[in-house]
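Peer 1: From the sequence below, what's the structure:
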Amino acid sequence: MKIVKYILIVLLVALVIIQFIRPEKNKGGYESIAFFEKETKPSAEVALLLKENCYDCHSDQTQYPWYSEIAPFSLWLDEHIEHGKGHFNASAWDSYSIKKKDHKMEELVEMIEEGEMPLDSYTWIHGDLTEQEQKLILQWAGLVRLQYKNQLQVSSK
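Peer 2: Modelled structure (predicted):
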């Protein structure tokens, strides 16, 4: 019984200590995704879906939940956000080439079609996209890809 008590005390002390480890939070507001939305022209409905389901992890604009202040959840969320932005960052859209933008939209389509986005860990708390919502995003992404393909063809002539 003494060993269990000792382990619990060590775990409690560790939990208190990691509360002082604070990951840096995204500081961008919705203005950080203005270029992305201006260029990709999502409908109002798609823009809302992106805001509610994508931008938290795929832009510099993150609405942090209350539990983001508590370690180890804060560290876990930070890792998810950094990983998500590494794959697709709407806030960095203006720095991407046309070819890279097309590729990022292609990946977005693949991830949604394969059911890999949004992540299960996100949908447990926030809910999943309905089939209709997925269809709207995929239609929009398809149109955006056509725009980039046309730009690539024009620039290669």
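Peer 1: check contacts around Thr62.
Peer 2: Lys25, Asn26, Tyr55, Asp56, Ile81 (C-beta atoms under 8 Å, 6 or more residues apart in numbering). In short, each C-beta sits where N, CA and C put it, glycine included.
Peer 1: who's in contact with Leu136?
Peer 2: Ser43, Glu45, Val46, Leu49.
Peer 1: Could you list every helix and strand in contact with the helix or strand containing the second one?
Peer 2: It stands for Glu45. Glu45 is part of helix 44-53 when elements are defined by DSSP states H and E. Contacts defined by 3 or more C-beta pairs under 8 Å, 6 or more residues apart in numbering; DSSP states H and E place helix 44-53 against helix 120-126, helix 131-156.
Peer 1: Can I get it as PDB, trimmed to CA atoms?
Peer 2: Provided in PDB are the C-alpha atoms of helix 44-53 (Å, rounded to 0.1, in the frame of the first residue of the first chain):
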ATOM      1  CA  ALA A  44     -21.100  31.300 -46.800                       C
ATOM      2  CA  GLU A  45     -22.100  27.800 -45.800                       C
ATOM      3  CA  VAL A  46     -18.700  26.300 -46.700                       C
ATOM      4  CA  ALA A  47     -16.900  29.200 -45.000                       C
ATOM      5  CA  LEU A  48     -18.900  28.500 -41.800                       C
ATOM      6  CA  LEU A  49     -18.000  24.800 -42.000                       C
ATOM      7  CA  LEU A  50     -14.300  25.600 -42.400                       C
ATOM      8  CA  LYS A  51     -14.500  28.000 -39.500                       C
ATOM      9  CA  GLU A  52     -16.200  25.500 -37.200                       C
ATOM     10  CA  ASN A  53     -14.400  22.400 -38.300                       C
END
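Peer 1: Fine, thanks again, bye for now.
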